[in-house]
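Trainee: Let me see the structure of the following:
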Amino acid sequence: MKTHKVIPQEVALYENIVSDSCIFSPEGRHLLRSALASSPNQATSVYLYTCVPYIFLVGVLNGCYFALDTHPIGEKLGGNGKGMHMLTIFSSTDSASCDSLCHLNWTLLADGAVHDDGGQSLCAVIRTSPANEPVQVGTNRIKVYKTSN
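Mentor: Residues are numbered from 1 along each chain as shown. Just a heads-up that it's a prediction; the model follows:
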């Protein structure tokens, strides 16, 4: 990705959920919540969350959890059923915000007809080279939702 100038630094991916537990099972839900709850230890953390056929970004930025989804978003989540960018920023990295982020993930997946037997992955994106280049922010329009839990 760095070679093609998609990202400015070298990064590595580290899997944070190593289990075959189904996404909506009690153990699967616990694993996601535990993995996300450990992320506030860093000022900035970015994760690729995957549950076939969906992939979206979650993480911590400026002391707040966030989720970025670019898939068709249903009306019950504020979308129009067509492809759009939805950035949800939570109020902090406290337990209630972590619960809200997990609930949003599960709602997006259930709304997208993900089955109970689906697996999940949460890969941390870790910078492996010095941050000596500024991060370029894209010009795509993003719909931002600020939550208060």
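Trainee: tell me the contacts of the residue nearest to residue 51 when sequence neighbours are not counted?
Mentor: In space, residue 51 comes closest to residue 120 once its chain neighbours are excluded; the distance is 4.6 Å by CB to CB, 6 or more residues apart in numbering. For glycine as for every other residue, the C-beta is placed from the backbone atoms N, C-alpha and C. Residue 120 sits next to 17, 23, 28, 31, 32, 49, 50, 51 when contact means CB atoms under 8 Å, 6 or more residues apart in numbering.
Trainee: The fourth one against residue 21, yeah?
Mentor: Which is residue 31. Yes - in this structure residue 31 lies within contact range of residue 21 using CB atoms under 8 Å: 6.0 Å.
Trainee: Would you mind telling me which of those two has more residues around it?
Mentor: residue 31 (19 against 16; other CB atoms under 10 Å).
Trainee: what's the neighbour count on residue 105?
Mentor: Residue 105 - counted by other CB under 10 Å - has 24 other residues nearby.
Trainee: And the next helix or strand past the lengthiest helix in the chain?
Mentor: Using DSSP state H to define each element, the chain has its longest helix at helix 95-111. Going down the chain from helix 95-111, the next helix or strand is strand 121-127, by DSSP states H and E.
Trainee: Now do the buried residues in that following strand.
Mentor: 121, 122, 123, 124 (16 or more other CB atoms under 10 Å).
Trainee: which strands and helices sit next to it?
Mentor: strand 11-15, helix 26-37, strand 45-51 (3 or more CB pairs under 8 Å, 6 or more residues apart in numbering; DSSP states H and E).
Trainee: Parallel or antiparallel, list what pairs with it.
Mentor: Counting by DSSP bridges, the strands paired with strand 121-127 are strand 11-15 (antiparallel), strand 45-51 (antiparallel).
Trainee: Of all those strands, which one is nearest residue 62?
Mentor: Nearest to residue 62, of all those, is strand 45-51, at 11.5 Å by CB to CB.
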